[in-house]
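*Asks:* Pasted the sequence and its predicted model underneath.
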Amino acid sequence: MAATCNVLRCTSEGAEIVDVSGEHQLRLEAIVCTEHKANMDAGARWVWDDQMDARAPLLMGEDLPPVLTSSRMEVSHMSSLGRTKMLRLEFDRGDGTSDYVIFELTPEAAEGIKNLSRTM
């Protein structure tokens, strides 16, 4: 029995082996159908979350997680929480659309994000 394409929700027969390992990593491979291989060769974005499971599916198209494209911290806002900061995150979705979300941050959350950015 032929293997099925490793892309999430694809039921086509797997036809090509692709390398999904990162640079300087142990080689990891997935099998994909000819359509998904052509999309990958054409530069289509894909994600394989090896932290989940070695058998995790490849994500493509609308199944992709959003990509954070920019962030901006706006300071000195007053609210019922006191003086807070606003964090604006802009992102691109797997379907090609863009959007943003704004979070109001407590002083503790703002400090946590500041500390997080130092570790990256």
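*Replies:* Nice, thanks for sending it over. Numbers count the residues shown, from 1 in each chain.
*Asks:* Which residue ranges of this protein form helices?
*Replies:* 34-41, 107-118 (DSSP state H).
*Asks:* so what does the last one touch, helix or strand wise?
*Replies:* Here helix 107-118 touches strand 82-92, going by 3 or more Cβ pairs under 8 Å, 6 or more residues apart in numbering; DSSP states H and E. To be clear about C-beta, it is placed using only N, CA and C from the backbone, and glycine gets the same treatment.
*Asks:* what is the mean pLDDT for the strand it packs on?
*Replies:* Averaging pLDDT along strand 82-92 gives 90.
*Asks:* Bridged to the residue lying closest to residue 6 once chain neighbours are set aside, which residues?
*Replies:* Of all residues not flanking residue 6 in the chain, residue 30 sits nearest, at 4.2 Å (Cβ to Cβ, 6 or more residues apart in numbering). The partner list for residue 30 in beta bridges (DSSP bridges) reads residue 18.
*Asks:* which residues sit in contact with residue 30?
*Replies:* 6, 17-18, 20, 48, 58 (Cβ atoms under 8 Å, 6 or more residues apart in numbering).
*Asks:* Quick check: it vs residue 41, distance?
*Replies:* 14 Å (Cβ to Cβ, to the nearest Å).
*Asks:* cool, and residue 15?
*Replies:* Applying Cβ to Cβ to residue 15 and residue 41 gives a distance of 13 Å.
*Asks:* quick one, which of the two is more surrounded?
*Replies:* Set residue 15 next to residue 41 and count neighbours by other Cβ atoms under 10 Å: residue 15 wins out with 15 against 10.
*Asks:* Who are the contact partners of that one?
*Replies:* Going by Cβ under 8 Å, 6+ apart, the list of residues near residue 15 reads 5, 31-34, 37.
*Asks:* where does it land on pLDDT?
*Replies:* 94.
*Asks:* for residue 33, same thing?
*Replies:* Note on residue 33: pLDDT of 97.
*Asks:* out of the contacts of residue 30, which are buried?
*Replies:* Taking 16 or more other Cβ atoms under 10 Å as the criterion, what is buried in the contacts of residue 30 is 6, 18, 20, 48, 58.
*Asks:* Closest to residue 88 out of these?
*Replies:* Of all the buried ones among the contacts of residue 30, residue 48 has the smallest distance to residue 88: 29.4 Å, by Cβ to Cβ.
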